[in-house]
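Participant: no sequence on this one, just coordinates:
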C-alpha cells in the first residue's frame, strides 16, 4: 500500500477557525466533487514549485476522477472524512485499513490554503487515530514528500517517526516520499515492523 502525500501544517491563532466551529464528519457521496476540488487547490498551492501543473492535472484525472472517488467511497476498508468550518467543507482525509500490511494509513489529508495552520489537520489526524484504534491497529502510518518541508517537520514535531523512503511519481515527476508512523496514545509500545516492499509509483491506483 502506497499513500499519497499528506499536507499537514502547524496551527496559528489568527485563522478563520478561530471564528467558526470545526466539525469532522464521515464523507458522503455528495462531498466527492468538493473533495476533488480540495485535492487540486492544495496540490497547486503546495507542490507547484517542484511539480509541473500538467503532471498534477494528469495525476488528478488518472487517480481521482469522480468515478474513482466513488469506488473508494464504497470500499469498506476506506474511511473518508471531511472537515466543515461553519457550513463549508474546507478539508478532507482518506484512510485505509491495509489488512495485508497490518497497517492503518492516512492516504490523503488536505486542507484548503485559507484554513491551513488552523488546527483542522490536527483534528482530522485525531479522527484517524480513533479509527485506527477501532480497527485494532497500534499506529497511524502516512507518507509525505521530503520537499514538502513544512509538512514533514510538522509531522515529526507531533510524534511521527519516519523509517523509510520511496520514490513517488505524479505524472512525469518523481520525488522522494518519506514513510512514517505515530503510535496511538494509550497503546502499548509498538514494535516497528520491517520495511515493506514499495514499488516505484508511476500512476498506478492505490
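Facilitator: Thanks, I have the structure now. Please read these numbers as outputs of a predicted model, since none were measured by experiment.
Participant: how long is stretch 150-163 from one end to the other?
Facilitator: End-to-end distance of stretch 150-163 (CA to CA, to the nearest Å): 18 Å.
Participant: Give me the buried positions along that stretch.
Facilitator: 151, 152, 154, 155, 160, 162 (16 or more other CB atoms under 10 Å). (C-beta placed from N, C-alpha, C; glycine too.)
Participant: Among the residues you listed, name the ones in strands.
Facilitator: residue 162 (DSSP state E).
Participant: Mark which of the buried residues of stretch 150-163 are part of helices, please.
Facilitator: Among the buried residues of stretch 150-163, DSSP state H puts 151, 152, 154, 155 in helices.
Participant: Throw those residues into CSV and include pLDDT and distance to residue 95, thanks.
Facilitator: Listed next are these as CSV, based on pLDDT from 0 to 100; distance: CB to CB, whole Å:
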residue, pLDDT, distance to residue 95
151, 93, 17
152, 96, 19
154, 93, 18
155, 96, 15
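Participant: Including distance to residue 127, could those residues go into TSV?
Facilitator: Shown next, in TSV, are those (distance: CB to CB, whole Å):
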residue	distance to residue 127
151	18
152	21
154	17
155	16
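Participant: ok, which pair from those is furthest apart?
Facilitator: Farthest apart among these by CB to CB are 152 and 154. That separation is 7.3 Å.
Participant: so where does residue 95 fall, helix or strand?
Facilitator: If you go by DSSP states H and E, residue 95 is part of strand 88-98.
Participant: Tell me the buried residues in that strand?
Facilitator: So, applying 16+ other CB under 10 Å, buried residues of strand 88-98: 89, 90, 91, 92, 93, 94, 95, 96, 97, 98.
Participant: in the sheet, who's paired with the fourth one?
Facilitator: Here residue 92 sits in beta bridges with residue 82, residue 110, going by DSSP bridges.
Participant: from now on call the first residue 46
Facilitator: Sure, I'll start counting at 46 from here, so that last one is residue 137.
Participant: That one contacts residue 129, doesn't it?
Facilitator: No. Using CB atoms under 8 Å, residue 137 makes no contact with residue 129, being 10.4 Å away.
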